[in-house]
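Novice: generate a structure from the sequence data that follows.
(chains A, B, C and D)
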Protein chains: 4
Amino acid sequence: MTLNVGIIGLGAMGSDHAKRIAERTSGVKLAGVADLKPELVEKYSKKYGAKAFESGAALVASPDIDAVMVVTSPDDQHSQFVLQAIEAGKYVFCEKPLMPTVAECQKIIDAELNHGKRLVQVGFMRRYGEGYIEMKKAIDSRKYGEPLLVHATHRNYEVPTSYDTTMSVSNTAVHEADLLHWLLGEDYESGITFLPKKQTKYTHDNLHDPQIVMLDTKSGVHIDLEVFVNNHMGYDINCEIVCEEGTIALKTPTNMSVKTKFQHEDPIPEEFTERFKDAYDNEIQQWANGVQKNQITGPSSWDGLVAMVTCDALGKSRDEGGVREPITLPEKPALYKD
Amino acid sequence: MTLNVGIIGLGAMGSDHAKRIAERTSGVKLAGVADLKPELVEKYSKKYGAKAFESGAALVASPDIDAVMVVTSPDDQHSQFVLQAIEAGKYVFCEKPLMPTVAECQKIIDAELNHGKRLVQVGFMRRYGEGYIEMKKAIDSRKYGEPLLVHATHRNYEVPTSYDTTMSVSNTAVHEADLLHWLLGEDYESGITFLPKKQTKYTHDNLHDPQIVMLDTKSGVHIDLEVFVNNHMGYDINCEIVCEEGTIALKTPTNMSVKTKFQHEDPIPEEFTERFKDAYDNEIQQWANGVQKNQITGPSSWDGLVAMVTCDALGKSRDEGGVREPITLPEKPALYKD
Amino acid sequence: MTLNVGIIGLGAMGSDHAKRIAERTSGVKLAGVADLKPELVEKYSKKYGAKAFESGAALVASPDIDAVMVVTSPDDQHSQFVLQAIEAGKYVFCEKPLMPTVAECQKIIDAELNHGKRLVQVGFMRRYGEGYIEMKKAIDSRKYGEPLLVHATHRNYEVPTSYDTTMSVSNTAVHEADLLHWLLGEDYESGITFLPKKQTKYTHDNLHDPQIVMLDTKSGVHIDLEVFVNNHMGYDINCEIVCEEGTIALKTPTNMSVKTKFQHEDPIPEEFTERFKDAYDNEIQQWANGVQKNQITGPSSWDGLVAMVTCDALGKSRDEGGVREPITLPEKPALYKD
Amino acid sequence: MTLNVGIIGLGAMGSDHAKRIAERTSGVKLAGVADLKPELVEKYSKKYGAKAFESGAALVASPDIDAVMVVTSPDDQHSQFVLQAIEAGKYVFCEKPLMPTVAECQKIIDAELNHGKRLVQVGFMRRYGEGYIEMKKAIDSRKYGEPLLVHATHRNYEVPTSYDTTMSVSNTAVHEADLLHWLLGEDYESGITFLPKKQTKYTHDNLHDPQIVMLDTKSGVHIDLEVFVNNHMGYDINCEIVCEEGTIALKTPTNMSVKTKFQHEDPIPEEFTERFKDAYDNEIQQWANGVQKNQITGPSSWDGLVAMVTCDALGKSRDEGGVREPITLPEKPALYKD
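Specialist: Numbers count the residues shown, from 1 in each chain, chains lettered A, B, ... in the order given. Just a heads-up that it's a prediction; the model follows:
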């Protein structure tokens, strides 16, 4: 049985997902598209033979749509579509972040609890990257002993001028905020965001760049994370787990290497879509498979809330000059326990 | 429109393709399976909801099957299924090698020429590996000048005792025989297979291991290839193109690296299915897409013939003590010109 | 003219220097040795044909000795020998740290200022390591823009049980404390020592391991340094300078690489003497050359003081629970300005 | 006791050795220099306070000179100085190749046999490179089983136009000719030099570039060596020993690595003096130590003869179109057995 998927939001990420659903995901059909811009709706409905919906609400409501992907920017509607899908009992994949505030995350959790079943998956795609999956296996095996420290970097070549100081945490560090507690299998205790005095000349007045984020977990693992979004070098994601008997490090897989004029060169990816193509593909394929089997296991609304609470604490630390902030979660509902 | 694919042959490679078609290829359905062993037919027809055929011939003939994958060992039937599919005007994907002899390859080419359209694709999956695709781009761009030399290795951890001396060329070097003339964009002039006196203790009486294969192209590029199938180290595929202003080398992509007790360790793949997973997936997805569009562009019957002529010359060189053998192709039919 | 060098202290480091002076330093002679243990004095005086002195004081005073190396542990005598050498107008190389307290460093500086010429060199050998020298060139060139961040690790396989919590700063981080302000070409503003709650099982009651040290410079470069002295993995020194247009990283040079059973292995050094052999050799050769030319340029008494002030602040931060401590230097005497 | 060394020949290599002897070799003094160009003699005698000799013969004959380094180009005199030194019973270090013909090598061996003691060392410095020393240890240990194959490259950025086709073997491959039989611990059986049709545009009429050299040893190890002296990429020396249970590969040690604009860059050395600085330094220090102890162990006249016989066979193979040539050594005199 083919799964009829509808996508709301056809910007850069949404159209990438549309292509993925239409061309390289098994068992699914791109059945419908919606966007505030009618020209995008026309373009992709034609390109992939998908039904054009006049609104996201109409798409969610349509009997032609089995499951929904919400890839709009996280404004009011974003929330509305997710809630509407839950009410309709349809599975809904929501690009990260789930919601811009903890309160809205909580509303979605409440709706899901009310419904009594997990319907929402949040787009923390890194958990599907092969490197992180191998690292988690190695950590969980305790082959190299207990994890003690984590060093990570999240580096982008550059960001648009609309990107500001707060987004280094809420848009960028949020990936590691989700990833690292999943990798380590435990919750955070507290966090710090520190703004080093010296900044790159490639930033602008509203963006402090680079920034340093620190987290520690309940068991006492210390994490440091460099967030540097105008590094003018490439999309360079690193993560090293320092354990009692060795370190486990993410590698950027490379397919080709060149030696030329006194240099041996390996490529650094330019974009996250290139670096994490495998992660996005695996994420959506496994989501589709889960929906087909009526049981999804990816990042949940709860994970969305955890990320938001963490980012809130990190943002507060930054605004208060780098003091350590506690990270306090509400009690985890049984629905979200493994 | 979903493409209904039938698979003949459900051994290791065939069942891998069955899983790929059923679970992670977009736009296709595993519609039928056939094998000489009824228990395999039952197993996979159940597992994937595919029709169980009592014979390969019945599968090819069935109106429920749009396109056929032949993954049997290359004996008479293998040839028969491909010819039957051509006659029926159905697309047929044939695992490498196309046929065990040049004469049989020619018969398939004749049938295809008679039919007037390309219907056959041969399973030289390496052309779909991301590393080789990047290398081909770099070579074709001539950014580093003309290619002059190629150093390659084809290394396996071990092979079963049924694997004998001739198979180092016909089963193993055949991959590079296809790949390298595609990478370089030109035909071979001659070849040598050399059996070094010193062999590994892990081989047996009927297998000379390792072997050295040399090829040169029409323009004079010199290629050397180590074939070592009991290396007791891993599946280790290397390829370096030495150009006028630099070298272009394949890298084995790695996702994770470990430092422990005085060693920094990167994994070496154990199996070709692991190393070339991306290549197999891309190959089959693109084949399916091509069939859907009624135009396939992958390795053709002609490529199958070229590989076979090359391996014949390399085998003759080996049998005659390492003398250089010319590699002489028939004229290339217009159907196979790009 | 051969330089007659006398060494006081013949433990592990002292005997290593004795061998270096006697066997692979140009233009010098191991002319005398002294140690509190007569059997060591006898052993090395015989081995290298050096005069056996009954005391360090006698060695410094002897007309047979042109220049002195003090490699004793930094107790009272250590100080006494350096001061005695200054008084005698002899060049003296003092293994790091110069002195265990800031006050004692100051006393040596005063003596040197009184003498009116630099006579003391401190054994911060890392400045002579080829990797750091290349990094300094790259930083100073500003080819990759301004340095913004530094990530460093100082990792040892294990330490004896006599090594305690304070030594992670005073014995270990002291190397980076000296190195990094030299690499960056500026002074520190403040520092933090943070003790992560989770420790390795390979430590003991008196040693908190690992520790995290942070420093920031006057211009605002943020530095983080992992100090992990029982890592059970190897002597693993890393240093990455994050600049505006790229990163500059130290590499551990390796001479040989092995592929075996599913692993590609590079060695990790076991000991600092192995990792920094080139640095020690260059350091002593250049010191000897400088003494011969009557002008030494290596790390000075002032550098010894800077390291000590820095370590004091880091120690205070650690004792006060990880608060940021200012690093305040006295005014730099003209003698120590370049 | 300081060893008084005299150097004959003050060109690029000779002046490099002069600096090494004068500035960074322990236990030696640059006591004398000679060259056909008086201005060079004046320059270096002044620079290092060495006696200026009017001729090489005068230098060898002088009682002020304990041991001689002959670094002239291998013409008649070269031979004459070595023979004169042997007659005088003085140790003589002779840059490779020992002599330009097998007959002349034999004459030196005869003189040495006549004298009854080894006095000659040939400048095959690679045996002193740390990478090769580690590889030899790993091979000799048989930890990875028997060696079966060797893949090597000898690549230079460019050569002057005076360098011609024969020199690819006699000047360049000669290094590996010596090195590889030493690494493997056995003699060669035969060799081939093959000239690939396709050449680099950076070569000239009198130089066929690149070339492929193959050797096989008595036990049947197969060796292939790329000689490419105008690669326009760098001085790139590689050597991989393929054994029964793994491969052992030389690495070019690097001290620093850079990430910038979509590339991760490691340096490739520009010159052999840079790449093998450690090898040259170790070679000369150990030679000097050996002379002091009256027992030298480095590459002997016999090794010089072996290299010459090997290169003669490889040259003959090249001139006869790439046929396999036997490599036949005279009987090894007892003096040269370990």
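Novice: those residues of the stretch 201-338 of chain A touching chain D, which are they?
Specialist: Within the stretch 201-338 of chain A, the positions lying close to chain D (Cβ under 8 Å from any Cβ of the partner chain) are A:232-234, A:236, A:259-270. C-beta: built from backbone N, CA, C; applies to glycine.
Novice: restrict the residues you listed to contacts with chain C.
Specialist: Contacts with chain C within these, counted by Cβ under 8 Å from any Cβ: A:232-233.
Novice: which of the residues of the stretch 201-338 of chain A next to chain D count as buried?
Specialist: A:232-234, A:236, A:259-260, A:263-269 (16 or more other Cβ atoms under 10 Å in any protein chain shown).
Novice: turn those residues into TSV, including distance to A:Ile8.
Specialist: Converted to TSV, these look like this (distance: Cβ to Cβ, whole Å):
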residue	distance to A:Ile8
A:His232	35
A:Met233	35
A:Gly234	32
A:Asp236	32
A:Lys259	48
A:Thr260	47
A:Gln263	47
A:His264	46
A:Glu265	42
A:Asp266	39
A:Pro267	35
A:Ile268	34
A:Pro269	28
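Novice: identify, from those residues, the entry nearest to C:Lys137.
Specialist: Among those, A:Gln263 lies closest to C:Lys137 (Cβ to Cβ), at 16.2 Å.
Novice: that closest one against D:Glu270, yeah?
Specialist: No. At 10.9 Å, A:Gln263 does not count as touching D:Glu270 under the criterion of Cβ atoms under 8 Å.
Novice: need the residues touching each of the two.
Specialist: Here A:Gln263 and D:Glu270 share the contacting residues D:Gly234, scored by Cβ atoms under 8 Å, 6 or more residues apart in numbering or on different chains.
Novice: residues contacting A:Leu10?
Specialist: By Cβ under 8 Å, 6+ apart, the contact set of A:Leu10 is A:18, A:33, A:35, A:37, A:40-41, A:43-44, A:71.
Novice: so it sits in a helix?
Specialist: No. Applying DSSP: H, G, I helix; E, B strand; the rest coil, one finds A:Leu10 to be coil, outside a helix.
Novice: for it, give its distance to A:Val92.
Specialist: Counting by Cβ to Cβ, to the nearest Å, the gap from A:Leu10 to A:Val92 is 17 Å.
Novice: ok, A:Gly191 next?
Specialist: On the measure of Cβ to Cβ, A:Gly191 and A:Val92 end up 29 Å apart.
Novice: ditto for A:Val122
Specialist: 10 Å.
Novice: do stretch A:114-128 and chain B meet?
Specialist: No. Using Cβ under 8 Å from any Cβ, stretch A:114-128 never reaches chain B; the gap is at least 12.3 Å.
Novice: check stretch A:169-188 too.
Specialist: No. Contact between stretch A:169-188 and chain B is absent, the nearest approach being 11.8 Å (criterion: Cβ under 8 Å from any Cβ).
Novice: and the average pLDDT for that stretch is what?
Specialist: For stretch A:169-188, the mean per-residue pLDDT is 97.
Novice: all strands of the stretch 1-150 of chain A, in order?
Specialist: For the stretch 1-150 of chain A, applying DSSP state E, counting those that start in this stretch gives strands covering A:3-8, A:28-34, A:51-52, A:67-70, A:91-94, A:120-122, A:147-155.
Novice: the longest one: partners in the sheet, and parallel or antiparallel?
Specialist: Okay, so that is strand A:147-155. As defined by DSSP bridges, the strand partners of strand A:147-155 come to strand A:222-228 (parallel), strand A:236-243 (antiparallel).
Novice: for chain A, which residues are neighbours of chain C?
Specialist: Near chain C, when you scan chain A using Cβ under 8 Å from any Cβ, you find A:145-149, A:151, A:194, A:196-202, A:210, A:212, A:216-217, A:219-222, A:224, A:226, A:228, A:231-233, A:242, A:244-247.
Novice: which of the residues you listed are buried?
Specialist: A:146-149, A:151, A:194, A:196, A:198-200, A:202, A:210, A:212, A:216-217, A:221-222, A:224, A:226, A:228, A:231-233, A:242, A:244-247.
Novice: burial of A:Arg318, as a residue count?
Specialist: Neighbours of A:Arg318 under the rule other Cβ atoms under 10 Å in any protein chain shown: 23.
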